[in-house]
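Q: Pasting the sequence and the predicted model now:
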Amino acid sequence: MQSETQTETCPMQAEPQKEHQWLQQMCGEWTSEATCSGGPGQPDMVMKGTESVRPLGLLWIICKGKGEMPGGGEANMRLTLGYDPAKKMFVGSWIGSMMTHMWTYEGQLDVSGKVLTLDTTGPNMMEPGKTERYRETIEMKSADHRTFSSSMMGPDGKWATFMTAQYRRVK
């Protein structure tokens, strides 16, 4: 029997990969301004918010966001992101105080190493009761500027972007 004072490498101790290191660049404090489609014949909506991104060890990040809701009120959100070497994919989840659906993600970095594309399935915003495919992208424009956009697969099989947010690092 091994004593508690002896140290041994745990078989579950994962070594950070370059993909985990990519996620760490998002850590810090951010402000955001999101533009969301108001729908057919409606003006776009602009919402402001803040986000605090913290590491969970060297393998995960947890984003804690707060922002305005269309029509007033405040929303709180949590995004987790990591990388699963066995799947060779980024993985994550998103929850928000305004809905009961938990979004789960799988995705890849593009060849430039600047754009993370995450695929998911969720409620169709236009047709309650139906689900749809969604694609979200995080693009690192610079160390202090990133974008986040959400697109939904249309009936024609094309992606339609309905929200884009600009994030600026404050520290």
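A: Thanks, I have it.
Q: ok, for the residue minimising distance to the centre of the chain, nearest residue in space, not its chain neighbours?
A: Most central in the chain under Cα atoms, centre = their mean is Leu79, positioned 5.4 Å from the mean C-alpha point. In space, and not counting its chain neighbours, Leu79 is closest to Cys63: 4.0 Å by Cβ to Cβ, 6 or more residues apart in numbering. C-betas here are computed from N, CA, C, even on glycine.
Q: repeat for Gly154
A: Ala160 (4.9 Å).
Q: one step back: which is the succeeding secondary structure element to the host helix or strand of the residue nearest to the centre of the chain?
A: Element membership of Leu79 [criterion: DSSP states H and E] is strand 74-84. Per DSSP H and E, strand 74-84 leads on to strand 89-96 as the next helix or strand towards the C-terminus.
Q: and the angle from that next one to strand 74-84?
A: 160 degrees (axes from the mean of the first three to the mean of the last three Cα atoms, to 10 degrees).
Q: List the contacts of strand 89-96.
A: 19, 23, 75-84, 102-109, 116, 118 (Cβ atoms under 8 Å, 6 or more residues apart in numbering).
Q: Using neighbour counts, trim these to the buried set.
A: Buried members of the contacts of strand 89-96, counted by 16 or more other Cβ atoms under 10 Å: 19, 23, 75, 77, 79-83, 103, 105, 107, 109, 116, 118.
Q: which among those residues gets closest to Gly57?
A: Nearest to Gly57 among these, counting by Cβ to Cβ, is Gly82 at 9.6 Å.
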